Each structure stands twice: as structure tokens, then as C-alpha cells.
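Enquirer: sharing a model prediction with you, sequence too.
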Amino acid sequence: MRWVNLGPAAKTVASRSSLGSLSTRMIIAPKIRGFICTTAHPEGCAKHVAEQIAVVKSRGLIENGPKRVLVIGSSTGYGLSSRIAAAFGSNAATFGVFFERPGEADRAATAGWYNTRAFEQEAAAAGLYARSINGDAFSNEIKSEVIAAIKADLGQIDLVIYSLASPRRTDPNTGEVYKSVLKPIGSSYTNKNLNTTTGVVNEVTIEPAEGDDIRQTVAVMGGEDWELWTDALMEAGVLAEGVQTLAYSYIGPEVTWPIYKNGTIGRAKEDLERVQRALDAKLAPIHGKAWVSVNKALVTQASSAIPVVPLYISLLYKVMKAEGTHEDCIEQMDRLLRDRLYNGKPQPDEAGRIRVDDWEMAPQVQKLVGERWEDVNTENFTTLGDFAGYQSSFLRLFGFGLEGVDYAADTDPAVGIPSLEK
Ligand code: NAD
């Protein structure tokens, strides 16, 4: 069986509307290429953002929450949810930095573009300040632009969230382009894998890192750029007394360790922890604090690219939904701010990390997932795992499959982000 059955609409990616060639309106359907969807739906993304806002609002205001927040990597996944949780949980003014492609008359924008448009519209309706900057966060230019904007509009920032996920980074000083790879270290790794295009559970073998794969992955996904951001913000005097800064990590179960925790990406995450300690020392004069938060495995644009992980996530979702402990990015980020960072009980582990992956890593959850991992195959993956949930989460990232959205209607792909149009 094929795990994605989107019907004929999926083939008609972007048909011109009957309004004629001058119209910029068209029908947008999902177009999936391996682990990415190359289209996104503006109204669907707006609905996805609105649903996340509703989750946060239903939980009430976060007492003593942050008031001026900078989110680096704010347009999708954990960064978007962090921005929503801060704005709608704490009435925070937010700056968002991201790298997204706007739409054109006949081409959909990336999902993060539409998400940010919707976020800004909702923020404006709620009377909340929101300003966005679209560009390469790794560059010196974007850092300067953000600092100038903070100085002009807010003066200082109370919380900086670093949530970038990128396959490459251009070194702002040398111009070297680093490429991040997802590989085991030392020896090859063979395990079960779901081919998300064919719906076949087979084995995948990933060859070990070679050459300077580790150095390059650490340069992209490690802590160097987080430190450069913090240095630049601190030097410019835009970090408030008592500022907190967060970067996100993942550990996960042993079955994924060769490709994640003990692989090239794991080395990058270790580097984040090195930088967290360095930032603690640098922020001490202003009584600031740096954190690494270990988050739950969730379907995002970044995680769907990691071999083995989509199969693990599907098994995990099934167990956690049955247990009533399943969370999506928004519940995770709301809990992080509300129950850890701003209630005086961050509950760090022995390495000083915040653990909102606690429910994922609960022994009874991991035991069941581990047993099902042994048994899962092409015939039973839809019953042992929550593949419908995986599929629907994946499509929702791009604004598809949301209730109440008329996907058969023409829509304008070239809509703008209010703060970028000023
Ligand atoms: P994502 O792909 O959904 O978001 C990445 C964000 O980074 C987007 O806003 C994108 O625009 C931005 N970005 C990428 N390159 C950029 C650049 N050059 N300049 C400016 N912005 C850029 O990813 P995500 O899954 O939310 O990951 C965010 C962090 O959370 C990562 O550190 C990831 O390792 C971590 N994390 C993810 C999971 C998971 O399961 N998804 C679990 C734990 C931790």
C-alpha cells in the first residue's frame, strides 16, 4: 500500500484558475517529493497557526512570562510554536527571524512564509507587537539588521530562542560553506526504515561519516552561531538584565542513537551544550542564563529528513496518544515556558538540560515502542504505528488537511507578510 493517497488533486499542483491568465489566484494542492512537500496552502497554514494560538489561549496567561522575545528560526516547527507560546501565552512582543521564499503569481510560497503572515495578522488583531526578518540568520548582515530593529522598537530582549535547522551554513567570516550530514560515526548503521513514498518498511544502511563530515555538521547545527548571536546581542547592549536564551536538542531512544545521539548530528548537539556553558559564563554579569532544552521527537520539516526517525515517530505517536500524553510542538513549547522556564522550576537533568522529552522517554512508553519496533513490518505498520497521524501531521506542516479550509477554492499564493511590506 502507499501511505500517501491524496487523490487526483495531488497531481494538479497549481492549476490556473478560470479567472484567466491575469489572475493570481489558483488551486494549491500538496506536491510531495520524498520527505518534503514543495507547495503550501496560505489559508491552511493560517488555520494551523490559529489552532496553535487556541491551544495556548485555552491554558491562560503565563504568570511572569517573557515580554520581549527574539526567535531565530521562527517560521515553522519548534520555533514557530515558541513564538506563538510567548506571544499568546505571555502577551510578548516578538521578533522572528527565518529564511523563507515568498509566493509568486503562479507559485506557492514556503509554509513558513504563510505561517508568519498568519501569525502577524493574529498578533495585530490581539494588539501584540510582531516584526519579522527574512534572511540568512547565519550572516553578519541579518544579525546587524535584527539588532538595529530591536534598538529602534523594543530596546532590549528578555528571551532569545535559537531554533534553526538547516542543511548548510555559510561561515560569515571565511565564506566557507559547511554541509550538515546525518551519518553514524565509526561504522555503518543498519536498521528498519519506513520509505514514506512507497509505504514499505525495509532496512536501511547508512555509511559512516568520512572526511570532515563531523566538523561540517557541527559547524552547521552546533553552537557556534548561537554563540555569535549572543555575543552580538550582548555587545550591542540589547539583552535585558536576567535574559534567558534557549537552544533545542534531541536525545531519543537507543534504537536511534547510532544515527542521532551518537552520530554526526549528536556531535553538533554536544557542541550546543559546550556553548550553553560558555554562554552561562558570558551572561553572568547581566544575571542571564543559557539553556539547552531537550524536546520530543515530532514531525517537522527537519525531522522528516532523518532516516529511521519517521518510523520511530509513528510508533511513538500511537503509544503516547493511547496514553493521553501526546503533544505537538505547541503543547511542548507552551509547557517549556509555562511549567519550566517561567515558574521557577526548570527541573534540569544532571547535565543541566531542561527535559520536555520526559513524557516521550517515560519507561512504559519506551518499553512499548521498543517491543513494537522489533515486530513492525510492511504488513503491520499501519496498525502498530500511527501512520495516519504521521501523514496528517506531515501534511499539516504545509497547511493541508486542516478542517474548515476549502482546498478546492482558488487562493492567492502571492500574499505578503505585513511587517516585511512596511
Ligand atoms: P524546522 O525545519 O521546522 O524549522 C527550522 C527553522 O529554521 C525555520 O524557521 C527556518 O526558516 C529557519 N532557518 C533555516 N535556515 C535558516 C537560515 N539560514 N536563516 C534563517 N532561518 C533559517 O525545524 P525544527 O524541527 O523545528 O527544528 C528546530 C530545532 O529543534 C533544531 O535545533 C532541531 O534539532 C530541534 N529539535 C527538533 C526535534 C524534532 O523532532 N523536530 C526534536 C528535538 C529538537
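Expert: That came through fine.
Enquirer: point me to the residue of the stretch 51-200 of the chain nearest the ligand.
Expert: G77 (2.2 Å; CB to the nearest ligand atom). Every C-beta, even on glycine, is put in place using the N, C-alpha and C of the backbone.
Enquirer: ok, that residue - how many residues close by?
Expert: Per other CB atoms under 10 Å, the neighbour tally for G77 reads 25.
Enquirer: nearest residue to D153 in space, please, no chain neighbours.
Expert: Once flanking residues are discounted, D153 sits nearest to R131: 6.5 Å by CB to CB, 6 or more residues apart in numbering.
Enquirer: tell me which element that neighbour is part of?
Expert: Here R131 is covered by strand 130-134, with elements defined by DSSP states H and E.
Enquirer: which residues are contacting that strand?
Expert: Defining contact as CB atoms under 8 Å, 6 or more residues apart in numbering, one finds that strand 130-134 is touched by 74, 87, 93-100, 113, 116, 119-120, 123-124, 142, 145-146, 149, 153, 417, 419-420.
Enquirer: what ranges do the helices span in this structure?
Expert: Taking DSSP state H to define them, one finds helices in the chain at 42-58, 77-90, 111-125, 140-153, 213-221, 224-235, 264-283, 309-323, 329-335, 363-375, 381-384, 387-397.
Enquirer: winner for burial among those?
Expert: Mean neighbour counts were compared across the helices of the chain using mean count of other CB atoms under 10 Å; the top stretch is helix 77-90, at a mean of 28.
Enquirer: contacts only, for the residue of the stretch 51-200 of the chain closest to the ligand.
Expert: Contacts for G77 (CB under 8 Å, 6+ apart) come out as 163, 165, 298, 300-302, 329, 397.
Enquirer: burial count for E327?
Expert: Using other CB under 10 Å, E327 is surrounded by 18 other residues.
Enquirer: L336 versus that one, what's the distance?
Expert: E327 sits 10 Å away from L336, going by CB to CB, to the nearest Å.
Enquirer: report pLDDT for the nearest residue to R107 once chain neighbours are set aside.
Expert: Leaving out its chain neighbours, the residue that sits closest to R107 by CB to CB, 6+ apart is P413, at 6.2 Å. We have a pLDDT of 97 for P413.
Enquirer: surely P413 touches T110?
Expert: No. Because the distance of 10.9 Å does not satisfy CB atoms under 8 Å, P413 is recorded as not touching T110.
Enquirer: ok, N193 - contacts?
Expert: With the criterion set at CB under 8 Å, 6+ apart, N193 makes contact with 201-204, 307-308, 311.
Enquirer: mind doing that once more with 10 Å?
Expert: Contact criterion CB atoms under 10 Å, 6 or more residues apart in numbering gives 200-206, 259, 307-312 as the residues in contact with N193.
Enquirer: got a PyMOL select line for the buried ones in those residues?
Expert: Selecting in PyMOL just the buried members of the contacts of N193, where the criterion is 16 or more other CB atoms under 10 Å, is done with this command:
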select buried, resi 201+206+259+307+308+309+310+311+312
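Enquirer: and of the contacts of N193, the nearest to P30?
Expert: Nearest to P30 out of the contacts of N193 is P310 (CB to CB; 16.6 Å).
Enquirer: against G34, how distant is that closest one?
Expert: With the distance defined as CB to CB, P310 ends up 11 Å from G34.
Enquirer: now S180. Nearest residue, chain neighbours left out?
Expert: Per CB to CB, 6+ apart, closest to S180 is V220, 3.8 Å.
Enquirer: go on, I306?
Expert: With CB to CB, 6+ apart as the criterion, I306 has its nearest non-adjacent residue at 5.4 Å, and that residue is L182.
Enquirer: pretty sure the one you found contacts Y250?
Expert: No. Because the distance of 12.0 Å does not satisfy CB atoms under 10 Å, L182 is recorded as not touching Y250.
Enquirer: who touches both of the two?
Expert: Residues touching both L182 and Y250 (CB under 10 Å, 6+ apart) are 260, 265, 306, 309.
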